[in-house]
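[1] generate a structure from the sequence data that follows.
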Amino acid sequence: MFITKSKGFSLIELLIGIFIASLVSFSIYSLFDRGSKDFSQISNTSNLQTEATAIYNLIERDLARGGFVHPIRGDITNANNCKDAIPDNHRLFISSDGKGVSTCFDKPSYDGTVAYRYRVTYRLGAIGAGYDANTLYKKVERTDDCTTILTTDTDPDFTSTVHGWQPVSENINDLTFSRPTIGSTNENILNLDMDMQSKNDSDVNLNFRKRIFLRNKPLTNSSTNCDDKCPNSKDIFADYDISSNETNWDPDTRTVPSATVVISENYEDGEDKLQWNTSLASSYGLTVNFQSSTGILSINGSATAREYESFLRSVNYVNTENDRTARTLYTGVDREFILALGFGSLCDDLIGREVSGIRHFYCYVENTTDGRGAWNKTNLSGNNQLWWGQARLRAENSTYYNLSGYLATITSDAENDYVLDKIRDSGGNPIAAWFGGTDNSGGESVLSNASENNWVWAGGPERNTVFFTDDGNSSNDAYVNWRNNEPNNCCGGMYNNDYNNSSLETNEHYPNAAGEHYTQFSNAISGTGYWNDLFVPGVTYSPFQTIGYVLEFSTNFPSPTISCGNGSESERLACANYFSSYDLVLDDNTYTSSDMLDLCDIDPSDSNLPS
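    All right, here's what the predicted structure looks like:
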């Protein structure tokens, strides 16, 4: 039989083993409470190198989060998420004596729907009475601006996250935070110099230096919706559909020649701007221009209706006023936008307007090619200007999708200003143009109410409606905007003496009495829109030369309205959504209105769309 013997450890050997283990051990007491108090306290060690490394790691972990702005800040539908960006000096703040450092960061809620902002601070002693000068402390505070501390909050983890000064390590003689200077201060590096003292032997001191490479760069792109200027932008026609029935009016086979987007109400030149996807415009062959003087975005170029739909969805409004409180606001709707599609060979600067549910469309038709020529104070010149009757004939032979055209009828001061503010001639100047008023029936039964000094509208839904009687009593007149001493029925002697009706076009209107019987916008007062009465051929000299006319369409003409269907081309055209509008709000700071700005354009002065 063999008996195996093994040697046991002596008491001395066991004591030596325990002593060696104690030299390399250190304990970390976790103050971590279910993911809330996320730091550790180093309370005891006899290995200074190990303890220093642990301290560095703790500080570096917290500072690495500094300046972090959670992406949820982009969700401005929740007002709690919209806070200012973290200031640069709070991404990493070093105390004046170099003994403390703090940083500010965002912490999301458990479900990721809300971000809460906290500030963490480390400091070596010098906090106040009762605090040890050789102990490193840490505290966590709730804040929205990295300066004002909140003592209560809606964060469900608030009480388990914040805490006052708590000790991290007691073995520190000295500690200094600084940024290295190599030519200039490097904002992305933090030096941490620490003098450690052994707890077991006060004569044992070791100096350590740690260079921490910070990751807390300015995260402007993450926080732009919370900058002072933001939100400042909106994709106003993001949900636009160009056809209400794609079977009857197919966007993939139909073409559109042009479109306009006009800031139709409360436009502020210098504050409001429209921008667009330049890549799409180039891809579709579109020429796009924003006219800051009128607030009109003009889009030209033949493309499929589907391509126009895609492009128009990219049109973006941006308010260039960086101070939200300084933006120009109005009662009710702050800005209104009207989209109008072009049609066929019709004028490509057609603009829309909506009043009491009725949609109106206007454009200026400049024509000096097929008119009969105007009066040059001696005879009819050969400049081919249209007579009023020719302009009316061309207007009433025009169609816009399912609508019929007519010389514009101006029935309010707002409409008069809109036409004159938004429409320009080819030189960019306020127009001098024919529009649809007359006090001469020309023998037409449809203008039976027109007679000398009794002015009616010659077309559209207001046809044959008296709007002005020159009897000295303005109480029975509708809206008018005559120049001083107009209408004056000048120059009656020229009728049938210097021009005649021998070459009239079929159905062309011609007066049956001498004098001035037709309305025009005069350009004499720089586009203020004053009216003048003029004889039928017009003139070749300023300020009364008319080289074009204002064409209008409205959804209440013809009557009954032609509706979307498949029985005729007019019904199919009625399926096109050639009009769209959007009312914008600039000051809903609760962000509950779907009409409120909801995007951030980091640099509103450029033409780049917000990312």
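
[2] just checking, which helix or strand of the protein averages the lowest pLDDT?
    Confidence across the helices and strands of the chain bottoms out at strand 26-30, with a mean of 39, counting by mean pLDDT, DSSP states H and E.

[3] pLDDT wise, what is the spatially most central residue of the chain at?
    Residue closest to the mean C-alpha point of the chain, counted by CA atoms, centre = their mean, is residue 233 at 2.3 Å. pLDDT, the model's per-residue confidence, is 92 for residue 233.

[4] now it: phi and psi?
    Dihedral pair for residue 233: phi -150, psi 160, per degrees, to the nearest 10.

[5] identify the residues contacting it.
    Residues counted as contacts of residue 233 (CB atoms under 8 Å, 6 or more residues apart in numbering) are 316-319, 597-601, 604, 610. Where C-beta positions appear, they are placed from N, C-alpha and C, glycine not excepted.

[6] which among the residues you listed gets closest to residue 461?
    For the contacts of residue 233, the minimum distance to residue 461 (CB to CB) is 32.0 Å, reached by residue 317.

[7] what bridges to the closest one?
    Using DSSP bridges, the beta-bridge partners of residue 317 come out as residue 234, residue 274.

[8] distance check, it against residue 598.
    Here residue 317 is placed at a distance of 11 Å from residue 598 (CB to CB, to the nearest Å).

[9] between the two, which is the more surrounded one?
    Counted by other CB atoms under 10 Å, residue 317 and residue 598 do not tie: residue 317 has more neighbours, with 25 against 21.

[10] if we go by neighbour counts, what in stretch 175-182 is buried?
    When neighbours are counted by 16 or more other CB atoms under 10 Å, the buried residues of stretch 175-182 are found to be 175, 177.

[11] ok, and the closest non-adjacent residue to residue 271?
    residue 321 (5.2 Å; CB to CB, 6 or more residues apart in numbering).

[12] in the stretch 1-150 of the chain, which spans are helices?
    Counting by DSSP state H, counting those that start in this stretch, residue ranges of the helices within the stretch 1-150 of the chain are 11-24, 48-64, 88-91.

[13] between the ones you listed, which gets the lowest average pLDDT?
    Comparing mean pLDDT across those, the lowest value falls on helix 11-24: a mean of 51.

[14] next one: phi and psi at residue 531?
    Per degrees, to the nearest 10, the residue geometry at residue 531, taken as phi and psi, is phi -100, psi 150.

[15] that one: what's it in contact with?
    Contacts of residue 531 were listed using CB under 8 Å, 6+ apart, and they are 437, 480-483, 486-487, 519-522.

[16] now rank the residues you listed by neighbours and give me the top one.
    Using other CB under 10 Å as the neighbour test, these are led by residue 519, with 31 neighbours.

[17] ok, what's across the strand from that residue?
    Per DSSP bridges, the residues bridged to residue 519 are residue 533.

[18] pretty sure it is touching residue 439, no?
    No. With the criterion set as CB atoms under 8 Å, residue 519 and residue 439 do not qualify as a contacting pair; they are 9.3 Å apart.

[19] please name the residues that touch residue 518.
    Listed by CB under 8 Å, 6+ apart, the contact set of residue 518 reads 388, 434, 437-438, 440, 533-536.

[20] how about it, nearest residue that isn't a chain neighbour?
    In space, and not counting its chain neighbours, residue 518 is closest to residue 388: 4.0 Å by CB to CB, 6+ apart.

[21] count of residues packed around the one you found?
    A count of nearby residues for residue 388, using other CB under 10 Å, gives 30.

[22] just to check, residue 268 is in contact with residue 328?
    Yes. Contact between residue 268 and residue 328 holds when scored by CB under 8 Å: they sit 4.8 Å apart.

[23] pretty sure the residue nearest to residue 518 contacts residue 509?
    Yes. Look at residue 388 against residue 509 with CB under 8 Å: they come within range, at 7.3 Å.

[24] can you list residues touching both of those two?
    Among the neighbours of residue 388, those also in contact with residue 509 (CB under 8 Å, 6+ apart) are residue 438.

[25] show me what contacts residue 581?
    With contact set as CB under 8 Å, 6+ apart, residue 581 has these partners: 264, 336-339, 352, 354.

[26] secondary structure element holding it?
    With the criterion set as DSSP states H and E, the secondary-structure element containing residue 581 is strand 579-584.

[27] gap between that strand and the chain center?
    In terms of CA atoms, centre = their mean, to the nearest Å, the centre of strand 579-584 is found 14 Å from the chain centre.

[28] just checking: what are the partner strands of that strand?
    Strand 579-584 has the following sheet partners, assigned by DSSP bridges: strand 335-341 (antiparallel).

[29] next SSE after the strand it pairs with?
    With elements assigned by DSSP H and E, the helix or strand that comes after strand 335-341 is strand 351-355.

[30] in the stretch 251-400 of the chain, which spans are helices?
    Ranges of helices within the stretch 251-400 of the chain are 278-284, 305-313, 388-396, based on DSSP H, counting those that start in this stretch.

[31] any chance of those helices in JSON lines, plus mean pLDDT?
    JSON lines is the format used below for the helices of the stretch 251-400 of the chain (pLDDT from 0 to 100):
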{"stretch": "helix 278-284", "mean pLDDT": "97"}
{"stretch": "helix 305-313", "mean pLDDT": "98"}
{"stretch": "helix 388-396", "mean pLDDT": "97"}
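
[32] let me have those in CSV, extended by distance to residue 554.
    As requested, the helices of the stretch 251-400 of the chain are exported to CSV (distance: least, CB to CB, whole Å):
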stretch, distance to residue 554
helix 278-284, 30
helix 305-313, 22
helix 388-396, 13
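
[33] packed most tightly, which of those would that be?
    Comparing the helices of the stretch 251-400 of the chain by mean neighbour count (mean count of other CB atoms under 10 Å), helix 388-396 ranks first with a mean of 24.

[34] contact partners of that helix?
    Applying CB under 8 Å, 6+ apart, the contact partners of helix 388-396 are 365, 367, 371-372, 386, 404-407, 434, 436, 438, 442, 458-459, 504-505, 507-510, 518, 520, 534, 536-538, 548-549, 551-552.
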